[in-house]
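>>> Give the three-dimensional model of this entry:
(one chain, ligands or ions: 1)
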Amino acid sequence: MVIGSVEVTNMTERHLMLCTDSNGDQSHFECMAADCGRKLIFDHVNVRLMVLTPGNPFAMHQGSTGGVGLSAELQSPEESS
Ligand SMILES: [Zn+2]
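Below you'll find the model as predicted:
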């Protein structure tokens, strides 16, 4: 899966977060914008985000930072609780 497009508007950059790794309990996301470097972990167990690297604070990050609800769509449900 290769996603190379980053839309840039007059006001706000739109960056795409891509899930790079997941062990079922936590999913790692990285921003695809080369000069941003935003990284975070979505914790499926506690249902929360942990930002490792803030990246560009002015950019709109899509994929995971927008809301918790996205996790269900990004992550195939293989929970064994
Ligand atoms: Zn970014």
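
>>> How about the contacts made by E30?
Applying C-beta atoms under 8 Å, 6 or more residues apart in numbering, we find E30 in contact with 17-18, 20, 37-39. Heads up, the C-betas are built off the backbone N, CA and C, glycines and all.

>>> any idea how far the ion is from it?
Taken as C-beta to the ion, to the nearest Å, the spacing of E30 relative to the ion amounts to 9 Å.

>>> Can you give me the pLDDT of D35?
In the prediction, the pLDDT value recorded for D35 is 89.

>>> And for it, the neighbour number?
Other residues within reach of D35, judged by other C-beta atoms under 10 Å, total 11.

>>> can you pull out the helices in this protein?
Per DSSP state H, the chain has helices spanning 71-74. These are given in chain order.

>>> Identify the residue nearest L18 in space, chain neighbours excluded?
For L18, ignoring the flanking residues on the chain, the nearest one in space by C-beta to C-beta, 6 or more residues apart in numbering is M32 at 5.5 Å.

>>> That neighbour touches H15, doesn't it?
Yes. With contacts defined as C-beta atoms under 8 Å, M32 counts as touching H15 at a distance of 6.6 Å.

>>> Dump stretch 47-62 to PDB, keeping only the CA atoms.
Output for stretch 47-62, consisting of C-alpha atoms alone and laid out as PDB, is shown next (Å, rounded to 0.1, in the frame of the first residue of the first chain):
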ATOM      1  CA  VAL A  47      -8.800   3.200  23.700                       C
ATOM      2  CA  ARG A  48      -6.600   6.200  23.600                       C
ATOM      3  CA  LEU A  49      -3.900   7.900  21.600                       C
ATOM      4  CA  MET A  50      -0.300   8.400  22.700                       C
ATOM      5  CA  VAL A  51       1.500  10.900  20.700                       C
ATOM      6  CA  LEU A  52       5.200  10.100  20.300                       C
ATOM      7  CA  THR A  53       6.200  12.900  18.000                       C
ATOM      8  CA  PRO A  54       3.800  15.900  17.500                       C
ATOM      9  CA  GLY A  55       5.100  16.700  14.000                       C
ATOM     10  CA  ASN A  56       3.500  19.700  12.300                       C
ATOM     11  CA  PRO A  57       0.900  21.100  14.700                       C
ATOM     12  CA  PHE A  58      -0.700  23.200  11.900                       C
ATOM     13  CA  ALA A  59      -1.500  20.200   9.700                       C
ATOM     14  CA  MET A  60      -4.700  18.400   9.700                       C
ATOM     15  CA  HIS A  61      -3.900  14.700  10.300                       C
ATOM     16  CA  GLN A  62      -6.300  12.200   9.000                       C
END
